[in-house]
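[1] requesting a structural model of the entry that follows:
(one chain, ligands or ions: 1)
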Amino acid sequence: MERFIPTKANKKFEENRVELQTVLRGIIDKKKKAIKLGEASHCDDLLGILLESNSKEIEEDGVGMSMEDVIEECKLFYIAGSETTSNLIVYTMVCLSLHQEWQIKARDEILQVFGAGELYFEGLKNLKILTMILNEVLRLYTPVIMITRATDKETKLGNMMIPPGVQLSLAMIHVHHDCEIWGDDATEFKPDRFSEGVINATRGKGSSPFFPFSSGPRVCIGQNFAITEAKVAIALILQRFSFELSPSYKHSPFPVFTMPPQFGAHLILHKIS
Ligand code: HEM
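    Here you go, the predicted model:
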């Protein structure tokens, strides 16, 4: 109810919503036009694929997504995909600055696989050290700190009976810091814990306590894309630069829905000759 009261913040929110809607509508119209004129392909980006699958559905079944639905999908992908992955990349750089020994190990591995040359997909799969580091950052600085669910019918959860209509919050960030699962060093940056895979990292508790991308039917659809993007970004940086924290850096993970560093991440990069 309170979001309809014309406060300063609500008015700004509404202005931003309308502006975003207009920008997205423009991008979608432009894409549709370009496809129609043969100037763009359906498969050169995600929006093209979405529009193609939607027009096929409309042709075959007579129903599909409206312009508003397509706009909402674009917003979802943008919001779900950009802030999360950039948090992962930023905290990886912070951790590698704080733990120079891991920065050196990660760079050695990258130079071993790619040298100073171009990255390629198969090579990215062989980056064991970087995978361990990214897992440890996803655990300690879980980009989406919590997910929520609601029961639509009476549901048994462990030894609890939960009535319908209850909102449940599942704070991954707490599970990822639980000493019973990860050991007394749960709050420390120790990528080695993932050296034998996720199952061994949780001291016999399986892979389910590690779920930065959620799990089950609504698991993050961009999971593999995000990991590939983070690997590419970090590998390109490590190939070219060494880095450390600036004296002005203030450690300030700020849990809202994601957990950005409240005062930014001040880093100093040195070009590797
Ligand atoms: C490190 C990066 C990322 C993390 C940690 C992450 C995490 C998550 C989590 C926890 C959920 C489940 C939310 C819920 O169930 O309430 C989710 C859903 C989703 N994510 Fe990601 N995500 C990341 C990157 C991406 C990227 C790059 C994309 C798109 C390119 C993306 C697209 C989505 C979408 C569309 C959903 C909704 C799926 C559905 O409801 O069926 N995410 N993500």
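
[2] close to the ligand: what parts of the protein are there?
    76-77, 80-81, 84-85, 88, 143-144, 147, 212-214, 218, 220-222, 225-226 (C-beta under 6 Å from any ligand atom). C-betas here are computed from N, CA, C, even on glycine.

[3] all strands for the stretch 1-150 of the chain, in order.
    147-150 (DSSP state E, counting those that start in this stretch).

[4] also the stretch 151-273 of the chain?
    155-157, 160-162, 167-170, 241-245, 267-271.

[5] what residue in the chain comes nearest to the ligand?
    Nearest residue of the chain to the ligand: residue 222, at 2.2 Å (C-beta to the nearest ligand atom).

[6] by contact count, what packs against the longest helix seen in the chain?
    Ranked by residue count under DSSP state H, the longest helix found in the chain is helix 67-98. Contacts defined by 3 or more C-beta pairs under 8 Å, 6 or more residues apart in numbering; DSSP states H and E place helix 67-98 against helix 8-36, helix 46-61, helix 100-114, helix 128-140, helix 223-240, strand 241-245, strand 267-271.

[7] ok, back up a step: just the strands of the stretch 151-273 of the chain: most buried one?
    strand 241-245 (a mean of 16; mean count of other C-beta atoms under 10 Å).

[8] burial check on residue 174, number of neighbours?
    Counted with other C-beta atoms under 10 Å, the neighbours of residue 174 add up to 11.

[9] and it, how far from residue 180?
    Residue 174 sits at a distance of 11 Å from residue 180 (criterion: C-beta to C-beta, to the nearest Å).

[10] surely residue 235 touches residue 124?
    Yes - using C-beta atoms under 8 Å, residue 235 is in contact with residue 124, at 7.3 Å.

[11] more neighbours: which of the two?
    residue 235 (22 against 18).

[12] residues touching residue 48, list them.
    By C-beta atoms under 8 Å, 6 or more residues apart in numbering, residue 48 lies in contact with 31, 35, 40-42.

[13] need those in JSON lines (columns: pLDDT).
    Below are the contacts of residue 48 laid out as JSON lines (pLDDT from 0 to 100):
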{"residue": "31", "pLDDT": "90"}
{"residue": "35", "pLDDT": "85"}
{"residue": "40", "pLDDT": "76"}
{"residue": "41", "pLDDT": "77"}
{"residue": "42", "pLDDT": "74"}
